[in-house]
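Q: What follows is a protein structure lacking sequence information:
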């Protein structure tokens, strides 16, 4: 019965066309997209001013396993000169601290990257990763630091259970 319905559907599509006119979909070929001239090419030094004040954090992979490393990519406002990224998933073995922060230095454009290790002892499940962009000023005469938080952002990360099979070329399709 399904094959009959399929044959009827194909016959109707051939007679009517790809879309009935009552749907309002045009089947005319699309107009060619204009190619940008060399003078109008994208220039990274002339970003929109609002983009320079955006705070963003990317954690790759988003679903790491226990005992894995994650890549942290950071963008802070141009006024910041340092960033700290913290999570409960970054706790070290044998440490009594549950929450650990990783410091990241920033470039002139506010970009930074670093790697953090997910502990084997981190609990599987959701964890929050918090980024703080700070402006650190030091009085060299008194050696007193003033830390001013410019922006914050939080993203979620799911830690999966450790699996020893990730280190071997054993797939469910092929026997080991």
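A: Sure thing, it's come through. Everything numeric here is computed off the predicted structure, so don't read it as measured data.
Q: And the helices in this structure, which stretches?
A: Counting by DSSP state H, the chain has helices at residues 2-16.
Q: so where do the strands sit in it?
A: For the chain, the strands defined by DSSP state E occupy 56-60, 69-75, 82-87, 100-105, 111-117, 125-139, 144-159.
Q: Highest mean neighbour count out of the ones you listed?
A: strand 82-87 (a mean of 21; mean count of other Cβ atoms under 10 Å). Every residue, glycine included, has its C-beta placed from N, CA and C.
Q: what packs against that strand?
A: Using 3 or more Cβ pairs under 8 Å, 6 or more residues apart in numbering; DSSP states H and E, the elements in contact with strand 82-87 are strand 69-75, strand 100-105, strand 111-117, strand 125-139.
Q: got the contact list for that strand?
A: Strand 82-87 has contacts (Cβ atoms under 8 Å, 6 or more residues apart in numbering) with 57, 72, 74, 76, 99-106, 112, 114, 116, 127-136, 157.
Q: Distance to residue 86 added to the helices and strands packed on strand 82-87, as a markdown table?
A: Below are those laid out as a markdown table (distance: least, Cβ to Cβ, whole Å):
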| stretch | distance to residue 86 |
| --- | --- |
| strand 69-75 | 11 |
| strand 100-105 | 4 |
| strand 111-117 | 10 |
| strand 125-139 | 5 |
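Q: Turn these into CSV, including distance to residue 145 and mean pLDDT.
A: Output for the helices and strands packed on strand 82-87, formatted as CSV (distance: least, Cβ to Cβ, whole Å; pLDDT from 0 to 100):
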stretch, distance to residue 145, mean pLDDT
strand 69-75, 21, 94
strand 100-105, 13, 93
strand 111-117, 19, 93
strand 125-139, 5, 95
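Q: Residue ranges in the chain under the pLDDT threshold?
A: Applying pLDDT under 70 to the chain flags the ranges 1-45, 47, 169-176.
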